[in-house]
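> got a predicted structure plus its sequence, pasted below:
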Amino acid sequence: MRLSLSSLFLGALVGKVAAHGYVPSIIINGQTIKGWDVNTDGYTTPQPVRVVRPTKPDSGFISDPLSKDITCSIGNSKLPSAPITATVAAGGTVTVQWNTWPIGHYGPVLNYMAKCGSAGCSSWKGDSGTPWFKIQQDVYANGEWASDTLAKSGFRYNVKIPKNIASGDYLLRHENLALHGASSLGGAQFYPVCIQLTVTNGGSLNPSGLGFPGAYKATDPGILFNPYQGDAANRAYIPPGGNVYPGLTF
């Protein structure tokens, strides 16, 4: 069978898009809510309004932790076309459903939140200042990286929302950090996803302190890291972004 050059190009493009994960849906209280589908949503007119921040039609990684893209995704400057959030009670769970994630893309799963500006999440980029705080992280346990655990769990990951943060609109920054090429400077692969939430029934805590970009450096020990050193080295791994914000309750 003959294939034209255009067919070969399109096949390569589809393979590239399919090769990396993205978040086509989230689940809250048993309800599935559409996320951003890189294969369709970016090509639809008018642009669909989703609780997962839009990204360019590519599910590839970010390699520069100082890039503006590190905040939420490739093409972070692109905001939703209309206001939208998903509602979750403080103390509740947001299940992030990836379309796929490859076994062997070793690394941690990191979760941050930032309270949106007064105009709401849909007009706020979150890429300046230090509004972010870490709420949860899974790294390496029982001989397995968190990324492989996610891959073996139906590509799902449960994010617990702190009970005592103030009610309001937030961005949830959920991130897979792939370390399979990270033994060389610039080899780490960042896959951040931002989800727009309205948190209800919260407390009085208003954490902050981290910036994206700003929280990560290419030379951080959790970014410039060889995951093939063995179990002892992996258990000693120090994830970037510091510790979970002190005083959070779940």
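On my side now, so go ahead.
> low-confidence stretches in this protein?
1-20, 58-59, 76-77 (pLDDT under 70).
> could you pull out the helices for it?
5-19, 146-151, 231-235 (DSSP state H).
> list the contacts for the nearest residue to residue 90 once chain neighbours are set aside?
Nearest non-adjacent residue to residue 90, counting by C-beta to C-beta, 6 or more residues apart in numbering: residue 202, 4.0 Å away. C-betas here are computed from N, CA, C, even on glycine. Neighbouring residues of residue 202 by C-beta atoms under 8 Å, 6 or more residues apart in numbering: 90, 163-168.
> do you know how far residue 214 is from residue 129?
9 Å (C-beta to C-beta, to the nearest Å).
> what does residue 216 give?
Residue 216 is 16 Å from residue 129, by C-beta to C-beta.
> which one of these two is surrounded by more residues?
When residue 216 and residue 129 are compared for neighbours, residue 216 comes out ahead with 22 against 12, by other C-beta atoms under 10 Å.
> was I right to think the more buried one contacts residue 210?
No - between residue 216 and residue 210 there is no contact under C-beta atoms under 8 Å: 9.4 Å.
> give me the common contacts of these two.
Counting by C-beta under 8 Å, 6+ apart, the residues touching both residue 216 and residue 210 are residue 241.
> neighbours of residue 89, just the number please.
Neighbourhood size, residue 89 [other C-beta under 10 Å]: 16.
> same question, residue 100
Counted by other C-beta under 10 Å, the residues lying close to residue 100 total 12.
> give me the nearest residue to it, chain neighbours excluded.
residue 21 (5.1 Å).
> residues in contact with the one you found?
Residue 21 sits next to 59, 98-102, 155, 176, 191 when contact means C-beta under 8 Å, 6+ apart.
> go with 10 Å
By C-beta atoms under 10 Å, 6 or more residues apart in numbering, the residues touching residue 21 are 38, 59, 61, 98-102, 105, 147, 150-151, 155, 176, 178, 191, 193.
> still on that earlier bit, quick check: PyMOL command selecting the buried ones in the contacts of residue 202.
Remark: buried members of the contacts of residue 202, expressed as a PyMOL selection using 16 or more other C-beta atoms under 10 Å:
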select buried, resi 90+163+165
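> can you add distance to residue 133 and give the contacts of residue 202 back as CSV?
Below are the contacts of residue 202 laid out as CSV (distance: C-beta to C-beta, whole Å):
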residue, distance to residue 133
90, 14
163, 15
164, 12
165, 9
166, 12
167, 16
168, 14
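> any idea which of the contacts of residue 202 is closest to residue 118?
Of all those, residue 168 has the smallest distance to residue 118: 10.0 Å, by C-beta to C-beta.
> is it true that the closest one touches residue 124?
No - the criterion here is C-beta atoms under 10 Å, and residue 168 misses it with residue 124 at 11.9 Å.
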